[in-house]
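Student: Predicted model, plus sequence, below.
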Amino acid sequence: MHCLLKSFSHYIDQILHPATFTDVCINGIQVEGRPKIASIATSVSATLKSIRKAKQLKVDALLVHHGLFLKGKDLVIQDSMRDKLKILLEEGITLLAYHLPLDAHPELGNNWPAAKMLGFFDPEPFGAIMGKHIGVSARCAPTTASQMKRKLERFYGHKAESACFGPKAIERVAIVSGSGYKLLLDAVHEEVDCFITGTADEPVWHQAREENMHFFALGHAATEKLGVQLLGNHLAEQFGIQHTFIDDDNPF
């Protein structure tokens, strides 16, 4: 089966509502390819590796969380950018990117579904970026920091960087995928015991220690694999098309 590209992208816009987000990413179609879609691939980022794999798979579209184009960024078509665009244009592969809208989605995103799969409950919106919440806070059964660390590492398949200075029993958590570490103090103000994200930076250790918080960083890429896979599977079912997830070995 196949569908029209315009219908395909319009449907995604209807469920993710990208126009309601203030985002540095250009959400939606970034490179237009063939007018019909019979197969798609998804990946965290539009890397040269993922684009080459999309070519090898002969898919009609590649859907990613991190696209090629950002608002306000000077763009010169050279080096790897030239190579990426050359493959996409020559092969007629459409590139679609969805950044904050995919982080935020309660059923197909990176954060709310992760909380559900991890067994957390009573979810609430958390982590406002330009007025829109992209993360989730939730409750959990009383859990020690070491138990939580093992649980998260199994789920994300990635070693955790941790700063464990919170209460003995973790009962409330917050998740913001990717570089959400900047929202740690928001978690403190909302009386969260444990903040879970993708990446860490130097100030986080001090903040966690000074504010009596548990902090775990599971990798930017690792915490953003879930949304594209859920969305890809949903689109495959909705339109009767094939979907392949292209994994990457990015440890960051």
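Tutor: Cool, the structure landed.

Student: what's the closest non-adjacent residue to the residue of the chain positioned farthest from its centre?
Tutor: For the chain, the largest distance from the centre (CA atoms, centre = their mean) belongs to Lys168, which lies 29.8 Å off. Among residues not flanking Lys168 along the chain, Thr144 sits closest, at 6.9 Å (CB to CB, 6 or more residues apart in numbering). In this view, the C-beta of every residue, glycine as well, is placed from N, C-alpha and C.

Student: swap in Gly67?
Tutor: That would be Ala97: by CB to CB, 6+ apart, it lies 2.7 Å from Gly67.

Student: ok, that neighbour - how many residues close by?
Tutor: 26 (other CB atoms under 10 Å).

Student: Do I have it right that it meets Leu62?
Tutor: No: applying CB atoms under 8 Å as the test, Ala97 and Leu62 come out as separate, 9.3 Å apart.

Student: before we move on, the earlier item: what's the residue nearest to Gly67 sitting at in phi/psi?
Tutor: Main-chain torsions, Ala97, degrees, to the nearest 10: phi -130, psi 140.

Student: ok, it - contacts?
Tutor: Shown in contact with Ala97 (CB atoms under 8 Å, 6 or more residues apart in numbering): 25-28, 30, 46, 63-69.

Student: Please apply the same query to Gly109.
Tutor: Residues in contact with Gly109 (CB under 8 Å, 6+ apart) are 102-103, 226-227, 230.

Student: Do you have the helices of the protein handy? List them.
Tutor: Using DSSP state H, the helices of the chain run over 5-16, 48-57, 79-91, 100-104, 112-117, 145-156, 184-189, 202-210, 226-239.

Student: okay, now the nearest residue to Ala145 once chain neighbours are set aside: neighbour count?
Tutor: Excluding the flanking residues, the one nearest Ala145 by CB to CB, 6+ apart is Cys164, at 4.1 Å. Residue neighbour count, defined by other CB under 10 Å, stands at 17 for Cys164.

Student: Against Gly178, how distant is Cys164?
Tutor: Cys164 is 21 Å from Gly178, where distance means CB to CB, to the nearest Å.

Student: just Lys36 next, same as before
Tutor: Taking CB to CB, one finds Lys36 at 32 Å from Gly178.

Student: Same question for Asp186.
Tutor: Relative to Gly178, and taking CB to CB, Asp186 is found at 15 Å.

Student: And the two? Which one has more around it.
Tutor: Gly178 (23 against 18).

Student: Chain neighbours aside, what residue packs nearest to the more buried one?
Tutor: Per CB to CB, 6+ apart, closest to Gly178 is Gly198, 4.6 Å.

Student: quick one: contacts for the one you found?
Tutor: Gly198 sits in contact with 177-181, 217-224, where contact means CB under 8 Å, 6+ apart.

Student: let's go with 6 Å and repeat that
Tutor: 177-178, 219-220, 223 (CB atoms under 6 Å, 6 or more residues apart in numbering).

Student: hmm, which of those are the buried ones?
Tutor: Listed as buried from the contacts of Gly198 are 177-178, 219-220, 223; burial here means 16 or more other CB atoms under 10 Å.

Student: just curious, which of the residues you listed is nearest to Pro123?
Tutor: Ser177 (14.5 Å; CB to CB).
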